[in-house]
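> here is the input, now give the coordinates:
(one chain, ligands or ions: 1)
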Amino acid sequence: MKTGNTTNDTKLGGRFTFPGTSLTVQRMGYGAMQLAGPGVYGPPKDPDAAVAVLREAVAAGVNHIDTADFYGPHVTNQIIKKALHPYPAGLVIVTKLGARRPADGSWEPAVSSQDLTEGVHDNLRNLGLDALDIVNYRAMGAIHGPAEGSIAREVTVLADFKGKGLIRHIGLSNVTAAQVAEAQAITDIVCVQNNYNLASRHDDALVDDLATQGIAYVPFFPLGGFTPLQSSTLSAVADRLGATPMQVALAWLLHRSPNILLIPGTSSVAHLRENLAAAQLTLSPETLIELDEIAASSVAEKH
Ligand SMILES: NC(=O)c1ccc[n+]([C@@H]2O[C@H](COP(=O)([O-])OP(=O)(O)OC[C@H]3O[C@@H](n4cnc5c(N)ncnc54)[C@H](OP(=O)(O)O)[C@@H]3O)[C@@H](O)[C@H]2O)c1
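Residues are numbered from 1 along each chain as shown. The predicted model follows:
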């Protein structure tokens with residue numbers, strides 16, 4: 001792990017500076033996907049509650065919000081703007097490009113130069129920004145995760161927008177290690193956002209490799225996403241520590257590697273508070289070994 005990019009301010013997990021940037025965030029952030037309607041489509045049932053979650057997060061010190069204009073579509077970004085614009089100094093909003101939502105609510109790739117260009121301008125307009133801090137190119141991949149294949153054309157389009165000043169920094173999402181290397185030959189990559197949690201550990205080597213480069217690894221589905229994590233070991237550890245299973249799952253990620261930044265998603269202020277408090281949970285080496293066995297046993301079950 002490169003030194004100098006994390007500091008020991010533990011309330012929200014310490015700070016992390018995206019490599020080669022002036023953007024420093026608390027390691028505990030917030031993922032805004034849950035603020036759209038059911039199936040991440042349409043408006044939320046309670047728009048005021050969505051605004052309240054965002055304001056509570058920022059009031060608590062969160063300065064890293066993950067979003068996409070295809071959440072809703074447009075809905076999540078518009079709620080972020082309504083809740084937080086004009087944005088406080090230091091707030092880093094990370095968005096992503098690469099998908100669209102047809103009227104049937106499905107997810108389709110949107111990767112032509114025109115799609116990506118429209119995506120940049122949709123994000124700027126709906127967030128009320130002149131430039132986007134970080135944009136992840138989100139590869140569609142296969143059903144269960146990333147799929148190999150060149151992403152050079154799409155990353156080059158984003159790099160051109162960086163040259164024009166509309167995107168400040170570039171990240172990747174749902175990608176393989178080979179795709180990260182391919183993108184790095186085109187432009188600097190400051191973060192990678194893939195599916196990773198206590199039970200889904202296929203990116204272990206990538207997490208470690210990015211750590212040596214000082215690049216942020218931002219797990220999506222940190223709590224299991226649409227299928228929340230469930231494990232008797234997790235529940236037993238949580239009981240012993242007087243915490244909730246979700247808090248232990250988040251604390252485990254913070255302990256896993258100093259380049260891991262968290263963006264747990266929730267539509268509830270109560271869950272938000274619970275999740276933020278996880279940053280203050282210390283896990284002993286013995287507990288970490290115990291929690292590592294969750295992934296080992298879930299791999300064994302699949303074979
Ligand atoms: N790059 C990508 O392809 C990609 C894909 C998916 C997500 N993301 C990003 O990653 C973020 C996190 O992923 P995610 O929101 O899908 O999944 P997640 O954070 O793993 O889990 C969210 C789910 O857990 C529930 N939850 C949250 N806190 C809880 C708590 N303390 N106790 C019990 N349940 C709790 C939420 O429901 P409640 O609303 O009821 O709390 C929601 O159903 C997203 O918000 C999004 O920004 C990126």
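
> in the stretch 1-150 of the chain, what residue lies closest to the ligand?
Across the stretch 1-150 of the chain, the shortest distance to the ligand (CB to the nearest ligand atom) belongs to G31, at 2.4 Å. Any C-beta I mention is one placed from the backbone N, CA and C, and that applies to glycine too.

> so that residue makes contact with L223?
No - in this structure G31 lies outside contact range of L223 using CB atoms under 8 Å: 9.7 Å.

> quick one on the thing from earlier: so what pLDDT did the residue of the stretch 1-150 of the chain closest to the ligand get?
According to the prediction, G31 has pLDDT 98.

> sorry, back to before: spell out which residues are contacts of both of G31 and L223.
Where contact means CB atoms under 8 Å, 6 or more residues apart in numbering, the residues bridging G31 and L223 through contact with each are P264, G265.

> S106 versus the closest residue to the ligand within the stretch 201-303 of the chain, what's the distance?
Among the residues of the stretch 201-303 of the chain, G265 lies closest to the ligand, at 2.0 Å counting by CB to the nearest ligand atom. To S106, G265 is 20 Å away according to CB to CB, to the nearest Å.

> neighbour-wise, which of these two wins?
G265 (22 against 11; other CB atoms under 10 Å).

> confidence score at the more buried one?
In the predicted model, G265 carries a pLDDT score of 98.

> which residues touch it?
Residues in contact with G265, defined by CB under 8 Å, 6+ apart, are Y30, G31, A32, M33, Q34, L223.

> angles on the backbone of it, please.
As for G265, its main-chain torsions (degrees, to the nearest 10) stand at phi -100, psi 140.

> so what's it bridging to?
Note on G265: beta-bridge partners G31, judged by DSSP bridges.

> ok, L132 next?
According to DSSP bridges, the partner residues bridging L132 are I167.

> distance of it from G119?
Here the distance between L132 and G119 works out to 10 Å (CB to CB).

> the closest residue in space to N195 that isn't next to it in sequence - how many residues pack around it?
Taking CB to CB, 6 or more residues apart in numbering, and ignoring the residues beside it in sequence, N195 has F221 as its nearest neighbour in space, at 5.1 Å. Around F221 there are 19 other residues, counting by other CB under 10 Å.

> now for F221: which residues touch it?
If you count contacts by CB under 8 Å, 6+ apart, then F221 has N195, Y196, N197, S200 around it.

> which one of G31 and L223 is surrounded by more residues?
Each of G31 and L223 had its neighbours counted (other CB under 10 Å), and the higher figure belongs to G31 (27 against 23).

> any chance you could map the helices in the stretch 151-300 of the chain?
152-164, 177-184, 204-213, 232-241, 245-256, 269-277, 285-302 (DSSP state H, counting those that start in this stretch).

> partners of C191 in the sheet?
On the basis of DSSP bridges, C191 is bridged to A216.

> tell me how many other residues surround it.
26.

> same deal with the one 10 residues further on?
Residues near R201, counting by other CB under 10 Å, number 17.

> same check on H64?
Counted with other CB under 10 Å, the burial measure for H64 works out to 30 neighbours.

> then Q230?
By other CB under 10 Å, the residues close to Q230 number 10.

> how about it, what does it touch?
Contacts were defined as CB under 8 Å, 6+ apart; by that measure Q230 touches G224, P245.

> cool, the one 3 residues further on as well?
T233 makes contact with E290, L291, E293, I294, S297 under the criterion CB under 8 Å, 6+ apart.

> please, where are all the helices along the stretch 1-150 of the chain?
Here the stretch 1-150 of the chain has its helices, by DSSP H, counting those that start in this stretch, at 47-59, 75-84, 113-127.

> is the last one in proximity to the ligand?
No - with CB under 6 Å from any ligand atom as the threshold, helix 113-127 lies outside contact range of the ligand, at a closest distance of 13.6 Å.

> same for that helix, what does it pack against?
Contact here means 3 or more CB pairs under 8 Å, 6 or more residues apart in numbering; DSSP states H and E; on that basis helix 113-127 packs against helix 75-84, strand 92-97, strand 132-138, helix 152-164.

> show me which residues of it are buried.
Buried positions in helix 113-127, judged by neighbour count with 16 or more other CB atoms under 10 Å: D115, L116, G119, V120, D122, N123, L124, N126, L127.

> ok, the residue nearest to E148 when sequence neighbours are not counted to the ligand distance?
Nearest residue to E148, sequence neighbours excluded (CB to CB, 6+ apart): T176, at 5.6 Å. In this structure, T176 and the ligand are 14 Å apart, going by CB to the nearest ligand atom, to the nearest Å.

> neighbours around T176, how many?
Summarising burial for T176: neighbours were counted as other CB under 10 Å, giving 20.

> which residues touch it?
Taking CB under 8 Å, 6+ apart as the definition of contact, the neighbours of T176 are P146, A147, E148.
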